[in-house]
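A.B. asks: Show me how the following folds:
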Amino acid sequence: MRSAALYTSWSPIDADKHKKERVNQYFMKTNQVRVPMSLPDLTDADRQAVMEVLNTPNLSMGPKVDAFEESVARYVGAKHAIAVNSGTSGLHLCVRAAEIGERDLVITTPFSFVASTNVLLFEKALPVFVDVDPLTGNMDVEKALEAVEDLRKGGSAGARWLARKGAGVHNALKAIIAVDVFGQPLDYDPLVKTAEKYGFKLIEDSCESLGGRYKSRPTGMLGDYGVFAFYPNKQITTGEGGMIVTDDDKAAGLMRALRNQGRAPGDTWLQHTHLGYNYRLDEMSAALGLAQMQRIEELIAKRQRVANWYTERLVRVAGVTPPAVAVHTTRVSWFVYVIQLEKSINRDRVADGLKERGIPVRPYFLPIHLQPYMVDLFGYKPGDYPVTEQMGRCGMALPFSGMMTEEQVDLVCRELVDCIAQG
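C.D. replies: Numbers count the residues shown, from 1 in each chain. Purely as a prediction, here's the structure:
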């Protein structure tokens, strides 16, 4: 049994035990949320930026999209930025630009949001999963490099990396999709070197890491193409939306055409050079993103402050492992704050207890390879990627946003300790 006395260095909200119990009972009965899971950080200037667009006739394909693209490109040092309606759309266009097609092999991670794999399935490519680093949740780079060499050899060496079902006859390795999990980049230099050596593409899923730094270099620019996402819980938000960044002129031109129903430069409204999509970002969303980019460093600093508050408290708690920061990471751009509970702690029971007390938490991530459709397609089974599965079983995302107060962090941590102690 673990004790909340681990927090002797900071005061409880109410020292009266019986009153605290009555407060908890009230929230259990009413099911009210005491701390939101996440909140977008919006100002009157953000709202005014959207209203200004609504007072014009330009609601799509206008100047705000151009300005938003220029802002992001300038921030990360990219030659091109292509605004799209979601991070998923951006990743899909990167897959198309990399000419990844049916039966092509692409190395990626099973510990991610499903979009990083789904965009491969859209093109009937074959994901090759590599397990992850237990400290960061990012792809295990040494395993990824081993998989590259084995897949190039083929035969039994390559076969051990393939799914037990559905692989069949396949093509060569075409790309790696690396994911910056929770806002922290993995160790990119070895992957970049290998991709250049063998001539395959490196796509950076930086949807969770806008503002992060790898060896002082900005995320999004560590591979051939990078993608940011702007859902309301991200570092900046456009409601829905994403942005591709790249220095590749040819790829940028293709992706701009594909997002706009396949219209190439010179096409009229009813001419379509390519098979494309409606992946455009609207002017209202772009105006919000442009306003948010004007204070991107402030937004990242506020999230860092909340992460620091959590770590200061949880580093002392037995059975709880706060997020780790790798030596190559110059700056984490905190997307979510995910702790790992030791195996002996019933994560789901703790989560239920917190929910009853008005504190929402979520498991993060559920392994992609064990999603029902992935099991049906490829025959994956528990035990295939043990580190990913362990992190999925024991990971818990705590309420997190730059809008949180220190008092709210105190509350979450106290209630967490109490729920762990109750078993």
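A.B. asks: check contacts around W334.
C.D. replies: F182, G183, Q235, I300, R303, Q304, V306, A307, F400 (C-beta atoms under 8 Å, 6 or more residues apart in numbering). For the C-beta atoms, the positions are set from N, CA and C on the backbone; glycine is no exception.
A.B. asks: Name the secondary structure element that contains it.
C.D. replies: In the assignment (DSSP states H and E), W334 maps to no helix and no strand.
A.B. asks: Next one: it from V409, what distance?
C.D. replies: Separation of W334 from V409 (C-beta to C-beta, to the nearest Å) stands at 13 Å.
A.B. asks: Contacts only, for G289.
C.D. replies: F68, S71, V72, A83, F230, I236, T237, T238, G241.
A.B. asks: 6 Å instead?
C.D. replies: Going by C-beta atoms under 6 Å, 6 or more residues apart in numbering, G289 touches F68, F230, T238.
A.B. asks: Now, those residues that are in helices?
C.D. replies: Judged by DSSP state H, helices contain the following of the contacts of G289: F68.
A.B. asks: out of the contacts of G289, which is most surrounded?
C.D. replies: F230 (31 neighbours; other C-beta atoms under 10 Å).
A.B. asks: That one: what's it in contact with?
C.D. replies: Per C-beta under 6 Å, 6+ apart, neighbours of F230: I236, T237, T238, G241, G289.
A.B. asks: change it to 10 Å
C.D. replies: F230 sits next to 40, 68, 72, 83-87, 207, 210, 236-243, 281, 285-286, 288-289, 292 when contact means C-beta atoms under 10 Å, 6 or more residues apart in numbering.
A.B. asks: got the buried residues for stretch 59-79?
C.D. replies: Neighbour counts over stretch 59-79 (16 or more other C-beta atoms under 10 Å) mark G62, K64, V65, F68, E69, S71, V72, A73, Y75, V76, A78 as buried.
A.B. asks: actually stretch 244-252, sorry about that
C.D. replies: For stretch 244-252, using 16+ other C-beta under 10 Å, the buried residues are I244, V245, T246, D248, A251, A252.
A.B. asks: so where's the longest helix in this protein?
C.D. replies: From DSSP H, the single longest helix across the chain is helix 296-314.
A.B. asks: buried residues in it?
C.D. replies: For helix 296-314, a neighbour-count test (16+ other C-beta under 10 Å) marks I296, L299, I300, K302, R303, Q304, V306, A307, W309, Y310, R313, L314 as buried.
A.B. asks: Report all helices and strands that that helix contacts.
C.D. replies: helix 63-76, helix 283-293, strand 320-321, strand 337-341, strand 395-398, helix 406-421 (3 or more C-beta pairs under 10 Å, 6 or more residues apart in numbering; DSSP states H and E).
A.B. asks: Of all those, which one comes closest to G155?
C.D. replies: When these are compared by C-beta to C-beta, strand 395-398 sits nearest G155, at 36.0 Å.
A.B. asks: pull the CA atoms of the closest one into PDB?
C.D. replies: The C-alpha trace of strand 395-398 is given here as PDB (Å, rounded to 0.1, in the frame of the first residue of the first chain):
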ATOM      1  CA  GLY A 395       0.900   4.400 -19.800                       C
ATOM      2  CA  MET A 396      -1.400   7.100 -18.600                       C
ATOM      3  CA  ALA A 397      -1.900  10.600 -20.000                       C
ATOM      4  CA  LEU A 398      -2.600  13.100 -17.200                       C
END
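A.B. asks: pLDDT averaged over it - what is it?
C.D. replies: Mean per-residue pLDDT for strand 395-398: 98.
A.B. asks: who's in contact with that strand?
C.D. replies: Outside strand 395-398, the residues that touch it by C-beta under 10 Å, 6+ apart are 35, 37-38, 111, 137, 182, 233, 306, 310, 314, 320-323, 335-341, 345, 347-348, 350-351, 354, 359-366, 404, 409, 412-413, 416.
A.B. asks: Where does pLDDT dip in the chain?
C.D. replies: 1-31 (pLDDT under 70).
A.B. asks: pull the longest strand from it.
C.D. replies: Of all segments of type strand in the chain, defined using DSSP state E, the longest is strand 173-179.
A.B. asks: list the buried ones in that one?
C.D. replies: Going by neighbour count (16+ other C-beta under 10 Å), the buried part of strand 173-179 is L173, K174, A175, I176, I177, A178, V179.
A.B. asks: Now tabulate these in CSV and tack on distance to D131.
C.D. replies: Formatted as CSV, these follow (distance: C-beta to C-beta, whole Å):
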residue, distance to D131
L173, 17
K174, 21
A175, 19
I176, 14
I177, 15
A178, 14
V179, 13
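A.B. asks: What ranges does the stretch 1-150 of the chain have for its helices?
C.D. replies: Using DSSP state H, counting those that start in this stretch, the helices of the stretch 1-150 of the chain run over residues 17-30, 44-54, 63-76, 87-97, 115-122, 141-153.
A.B. asks: Quickly compare those helices and say which is most buried.
C.D. replies: helix 87-97 (a mean of 26; mean count of other C-beta atoms under 10 Å).
A.B. asks: and that one, what does it pack onto?
C.D. replies: By 3+ C-beta pairs under 10 Å, 6+ apart, helix 87-97 packs against strand 80-84, helix 115-122, strand 173-179, strand 201-205, strand 225-229, strand 242-246, helix 249-259.
A.B. asks: that older thread, determine which of the helices of the stretch 1-150 of the chain approaches V375 most closely.
C.D. replies: V375 sits nearest to helix 115-122 of all these, at 12.9 Å, using C-beta to C-beta.
A.B. asks: what comes into contact with the closest one?
C.D. replies: 86-96, 100, 104-106, 108-110, 114, 125-129, 174-175, 177-179, 203, 205, 207, 227, 229, 368-369, 371, 373-374, 377.
A.B. asks: If V179 is in a bridge, with which residues?
C.D. replies: Counting by DSSP bridges, V179 forms beta bridges with D205.
A.B. asks: Let me know whether it touches G223 as I believe.
C.D. replies: No: here V179 does not reach G223: they are 11.1 Å apart, not a contact under C-beta atoms under 10 Å.
A.B. asks: what touches both of the two?
C.D. replies: Residues touching both V179 and G223 (C-beta under 10 Å, 6+ apart) are I203, E204, D205, S206.
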